[in-house]
Every structure is written in structure tokens, then in C-alpha cells.
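Q: model the structure of this input:
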Amino acid sequence: MDWDKLRIFHAVASAGSLTHAGDSLHLSQSAVSRQIRALEESLNTTLFHRHARGLILTEQGELLYEATRGMSKRLEAASARIRDSEEEVFGELRVTTAHGFGCLWLAPRLAKLYGKYPDLNIDLMLEERVLDLPMREADVAIRMKEPSQADLIRKRLMTVRMRLYASRDYIEQFGMPQTADEMRDHRLICQGTSSTQVSAGASMVQWLIGHDITSRLNVNNYFGVLQCVKNNLGIGVLPDYIVASEPYLVRVLPEVESAEVPVFLAYPEELRQSKRIAAFRDFVVEEIQAHRRILEASQPDEG
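A: Below is the predicted model:
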């Protein structure tokens with residue numbers, strides 16, 4: 001098969017439109033159409049169903065698209081390795097992590113990374129869905145569980161626990177609950193048990209709800225929970241890594257906390273020599289070490 005025709009086919013399948021594919025390839029719609037028609041003739045099959053709203057892959061088209069998608073990912077990986085042969089750290093780095101960790105911990109620290117590597121272009125993808133690193137949906141991930149794929153390099157970064165927090169103003173106005181049963185006199189702000197979240201957090205919320213808390217505010221991510229807590233709406237379930245950057249928060253019921261949640265950094269084995277990955281990994285490790293020192297310094301002396 002003609003590599004150039006496969007490249008055009010991949011662009012059309014990804015865009016679902018001859019016009020959009022032509023724009024991305026800097027070709028006219030008629031030129032793209034001719035190449036697709038020639039590819040279909042060479043394969044003696046139909047690759048697209050054509051209708052008024054665009055193009056839909058046929059079964060045979062889906063098979064070919066799966067192959068070209070894998071080829072595209074491998075070419076991207078090869079291109080990344082070639083770029084990483086240079087001494088400088090530059091170029092695109094696609095980082096994926098959960099909304100909460102990305103908004104509340106990682107994003108506020110990225111200025112330091114850019115200060116050191118100003119030519120690095122980070123694509124920060126915040127979502128609860130676990131992206132496929134071997135298929136190059138992202139270059140590096142920070143996940144709230146150990147990755148399951150065997151062909152990933154992983155490093156355990158730290159552990160996180162979900163705890164109860166309120167603003168100082170809220171506590172001054174409504175008082176500090178002394179037991180879990182007294183939580184029924186307060187509004188609980190949390191992710192709903194049906195929200196996509198770590199199981200330890202969901203279990204903690206379920207346990208709290210069992211204490212007859214009638215007033216609740218459910219938010220589908222921890223950034224939203226934090227905003228509600230800051231605005232004195234109630235007592236929130238939040239990850240403990242927010243404490244160092246949010247000094248106005250007060251911990252509520254210190255004996256109540258979730259099980260430990262491990263945090264892992266992972267990236268594909270084929271990017272082992274990537275200078276961009278190494279720069280990001282070392283930055284995250286250094287920031288976590290600094291984070292630990294701040295937390296240790298804030299702990300009251302015992303005895």
C-alpha cells in the first residue's frame with residue numbers, strides 16, 4: 001500500500017470529513033477525495049460510508065484505521081526519541097492526571113518547571129479516565145493507583161488520604177464537631193458515591209453518610225469541593241495534599257480519614273531515555289520532597 005495514501009486515509013478517518021482532513025494536510029478536498037478513491041480501488045473495498053453529515057468508516061475502514069492509528073503512535077514515539085537526542089529539554093510533553101491532583105497540586109507548581117525549561121510545551125490533560133500510555137494517548141501519567149500495564153516504567157511518589165476540612169470562618173460561626181455523630185448538624189461537601197473517584201474516598205463518604213447527615217452538597221471533583229469549603233458552605237472531604245497551600249483550612253475530626261491512596265508516576269518503556277520525561281519526573285519528585293518537608297514542619301511536636 002502507498003504510504004502517502006495511508007497518511008491521507010488516517011487524516012480523513014480521524015477528522016470524519018474530507019474538507020477538515022484537507023485543511024490539516026494542506027490539500028484541496030478534491031485531491032484528498034482522489035487519493036481515498038485510489039486507495040479503495042487498490043484494496044478493492046469501500047472504506048467510508050458517505051452521507052450528508054460526513055464520513056463513517058465501514059468495517060473494512062475500521063480495520064485499516066486501527067492499523068494506521070498504531071503506525072501513527074509509533075511514528076510519534078520515534079519522533080519524540082529523535083527530538084530527545086538533543087541536549088536541551090524542549091518540545092511537547094503530554095501529561096495526564098486526575099482533575100483534583102492536577103488543579104490543586106500540580107498546576108500551581110508548574111511555574112517552577114517552566115522557569116527551568118522555558119521551551120517545554122506541556123499539554124496537561126485532566127480527566128478521571130485512565131489514558132493508554134503504551135498507545136501514546138499521553139507521554140506521562142500521575143495516577144492514584146499502580147498502573148496495571150507491564151510495559152510501563154512506574155515510580156511510587158507518595159500516599160494520599162482523604163480527610164475532613166472546614167474554613168476557620170465556618171468553624172467560628174458553626175462550631176467544631178467533636179464526634180462523627182455531630183456531623184449531622186453540619187453540611188457535608190463531598191463527591192457523590194457514584195462519582196468517578198478513588199475507592200478509598202468513596203468508602204469514607206459512604207461511612208460518613210451512615211451517620212444520618214441530612215444536608216449534603218455533592219460536587220464531582222475536589223477542586224469544586226474546595227471552592228465550596230472556602231466559601232463556608234460546610235465541611236468537606238478533601239485530599240490531604242491541599243493542606244500546605246491552604247493555611248486557612250482547619251482539619252475536622254482528626255481521627256476520621258480514608259485508607260491510604262498510592263500515587264504513581266508512569267511512562268512508556270520506550271520513553272526511558274526521554275530528556276523531557278526525565279526533567280518532568282525529577283521536578284515532580286523534588287516538589288514532593290519539598291511538600292513533605294512543609295508538612296513535617298507544620299506537625300506539632302509530640303511530648
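
Q: what pairs with the residue nearest to the spatial centre of the chain across the strands?
A: Taking Cα atoms, centre = their mean, the centroid of the chain lies closest to T97, which sits 2.3 Å from it. T97 forms beta bridges with L126, I142, as assigned by DSSP bridges.

Q: quick one: residues contacting it.
A: L106, L124, M125, L126, A141, I142, R143 (Cβ atoms under 8 Å, 6 or more residues apart in numbering). Glycine gets a C-beta too; all of them are placed from N, C-alpha and C.

Q: which of the residues you listed lies closest to G201?
A: Among the contacts of T97, R143 lies closest to G201 (Cβ to Cβ), at 14.5 Å.

Q: which strand or helix spans the nearest residue to H49 once chain neighbours are set aside?
A: Nearest non-adjacent residue to H49, counting by Cβ to Cβ, 6 or more residues apart in numbering: I56, 4.5 Å away. In the assignment (DSSP states H and E), I56 maps to strand 54-57.

Q: for that strand, list the C-alpha coordinates in PDB.
A: C-alpha atoms of strand 54-57 as PDB (Å, rounded to 0.1, in the frame of the first residue of the first chain):
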ATOM      1  CA  GLY A  54     -19.700  13.500   6.900                       C
ATOM      2  CA  LEU A  55     -17.900  10.100   6.600                       C
ATOM      3  CA  ILE A  56     -18.300   7.000   8.600                       C
ATOM      4  CA  LEU A  57     -15.800   4.100   8.500                       C
END
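
Q: mind jotting down where the helices sit in the stretch 151-300 of the chain?
A: For the stretch 151-300 of the chain, helices defined by DSSP state H, counting those that start in this stretch occupy the ranges 168-174, 199-209, 222-230, 275-298.

Q: for Q149, find the nearest of these.
A: Nearest to Q149 among those is helix 275-298 (16.1 Å), distances taken as Cβ to Cβ.

Q: what residues does the closest one touch?
A: So helix 275-298 is contacted by 80, 84, 86-91, 93, 95, 105-106, 109, 112-113, 116-117, 120, 139-140, 142, 155, 157-158, 241, 243-244, 265, 267, 271 (Cβ under 8 Å, 6+ apart).

Q: if we can go back for a sec, now do the strand holding I56: which elements does it pack against?
A: Counting contacts by 3 or more Cβ pairs under 8 Å, 6 or more residues apart in numbering; DSSP states H and E, strand 54-57 is packed against helix 3-15, strand 48-51.

Q: helix 275-298 and the next helix or strand after that strand, what's the angle between them?
A: As assigned by DSSP H and E, the chain's next helix or strand after strand 54-57 is helix 59-83. Here the directions of helix 59-83 and helix 275-298 differ by 80 degrees (axes from the mean of the first three to the mean of the last three Cα atoms, to 10 degrees).

Q: same question for helix 59-83, mean pLDDT?
A: Here helix 59-83 scores 83 as its mean pLDDT.

Q: so which elements touch the lowest-mean-pLDDT helix or strand in the chain?
A: Lowest mean confidence among the helices and strands of the chain (mean pLDDT, DSSP states H and E): helix 59-83, at a mean of 83. Here helix 59-83 touches helix 3-15, going by 3+ Cβ pairs under 8 Å, 6+ apart.

Q: circling back to that earlier point, with respect to L75, which of the helices of the stretch 151-300 of the chain lies nearest?
A: Comparing these by their distance to L75 (Cβ to Cβ), the top pick is helix 275-298, with 17.3 Å.
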